[in-house]
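Enquirer: What follows is a predicted protein model with its sequence.
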Amino acid sequence: MANEILIYTDGAASGNPGPGGFGVILKAGIHRKELMAGFRKTTNNRMELLAVIIGLEALKQPNRQVTVYSDSRYVVDAIEKGWVFGWEKKGFKDKKNPDLWKRFLAVFRQHQVKLIWIKGHANHPENERCDQLAVQAYKMPDLQIDYYYEAEHDDSLNFFI
């Protein structure tokens, strides 16, 4: 479809938890944009989910047809199998990453989104590039703070949430 937007995503963490980052590629027709960011302490799953969120949040117009490609079963299965909607109904009780899932659902509902799982590290050019961006991001100096994650795991940071 001519108006369709393609989003490729990947997340990575060096240690789990540890420094982490995400990489995103947005493609619409002849246009292409790459995004990345790194965090000082987070998890791989948080970065995988944040990559999808950032990709969707980068869209400037609502109600777009979007296909998201991710190598994260955690993200793709939660959405495509409908688990996240059940978690939402239960207030995300006992689920990890409720902050990101709530943020995801808000932006997900603004578009017509289809998620497709692709095998990671299988020579898919856009997935490989997203992996490079994610790793590059967490190796940068002055990493961002994943406040929710760190506060959840370090009582001295509870004033942030």
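Expert: That came through fine.

Enquirer: tell me which residues form a beta bridge with the closest residue in space to Gln144 that isn't next to it in sequence?
Expert: Distances taken as Cβ to Cβ, 6 or more residues apart in numbering put Phe39 closest to Gln144, at 5.0 Å, once the chain neighbours are dropped. C-betas here are computed from N, CA, C, even on glycine. Taking DSSP bridges, one obtains Gly20, Gln144 as the residues bridged to Phe39.

Enquirer: tell me the contacts of the residue lying closest to Leu133 once chain neighbours are set aside?
Expert: The spatially closest residue to Leu133, leaving aside those adjacent along the chain, is Gly23, at 2.7 Å (Cβ to Cβ, 6+ apart). Shown in contact with Gly23 (Cβ atoms under 8 Å, 6 or more residues apart in numbering): 9-11, 34-36, 51, 129-134, 136-137.

Enquirer: Please, which helix or strand holds Gly23?
Expert: strand 18-28 (DSSP states H and E).

Enquirer: Just the buried positions in that strand, please.
Expert: 19-26, 28 (16 or more other Cβ atoms under 10 Å).

Enquirer: As CSV, these with pLDDT and distance to Arg109 would be great.
Expert: Shown next, in CSV, are those (pLDDT from 0 to 100; distance: Cβ to Cβ, whole Å):
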residue, pLDDT, distance to Arg109
Pro19, 97, 31
Gly20, 98, 26
Gly21, 98, 26
Phe22, 98, 21
Gly23, 98, 24
Val24, 98, 19
Ile25, 98, 23
Leu26, 98, 19
Ala28, 95, 20
